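# Sequence unavailable; structure follows:
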């Protein structure tokens, strides 16, 4: 599996060094693939190393948050990456919040209610309807309010 990780990164770097066309979409696909095969730490490092070529954005952070939340279910890492997102002034969206809700609902289901309530307040302020939030969370532990 490690050979595949190295091969994927080498291929992407070759595209970059050869001036072959690739863009944010290809970068996102690489990050997603790395996370999918449990290389979340490597994906995060690669995202940060390439921040000049591919500026940090919500989508990239969402891929990493999803990796820590749903692939490895590491609450500590999710909290850390959330703080990093704030540090880089990257704004979270409903997808970020959905991944975080999913992660926190696994090990500590009784705390999910207050987390969801804080997200609902955030989105109601921005004009998002409650049903959209619950639908986006897409978790069997999340109930309609």
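Happy to help now that I have it. Because the structure is a prediction, the values reported are computed rather than measured.
# low-scoring stretches of the chain, by residue?
For the chain, residues meeting the criterion pLDDT under 70 lie at 1-22, 107-114, 124-145.
# hmm, try it at 90
With pLDDT under 90 as the threshold, the chain has low-confidence stretches at 1-27, 29-30, 33-34, 36-38, 50, 52-54, 70-76, 79, 97-145.
# Okay, domains of it per the record?
Structural domains annotated on the chain: 1-74, 93-145, as defined by automatic domain parsing.
# Residue 49 versus the nearest residue to residue 62 once chain neighbours are set aside, what's the distance?
Among residues not flanking residue 62 along the chain, residue 95 sits closest, at 4.9 Å (C-beta to C-beta, 6 or more residues apart in numbering). (C-beta placed from N, C-alpha, C; glycine too.) Using C-beta to C-beta, to the nearest Å, residue 95 is found at 23 Å from residue 49.
# Those two: which is more packed in?
Counted by other C-beta atoms under 10 Å, residue 95 and residue 49 do not tie: residue 95 has more neighbours, with 16 against 10.
# so what's residue 35 up against?
Contact partners of residue 35, counting by C-beta atoms under 8 Å, 6 or more residues apart in numbering, are 43, 63-64, 66-67, 71.
# Sort out which one of the residues you listed lies nearest residue 79 for me.
Set against residue 79, the nearest of those by C-beta to C-beta is residue 64 (12.8 Å).
# Next up, the contacts around residue 70.
Applying C-beta under 8 Å, 6+ apart to residue 70 gives the contacts 99, 102-103.
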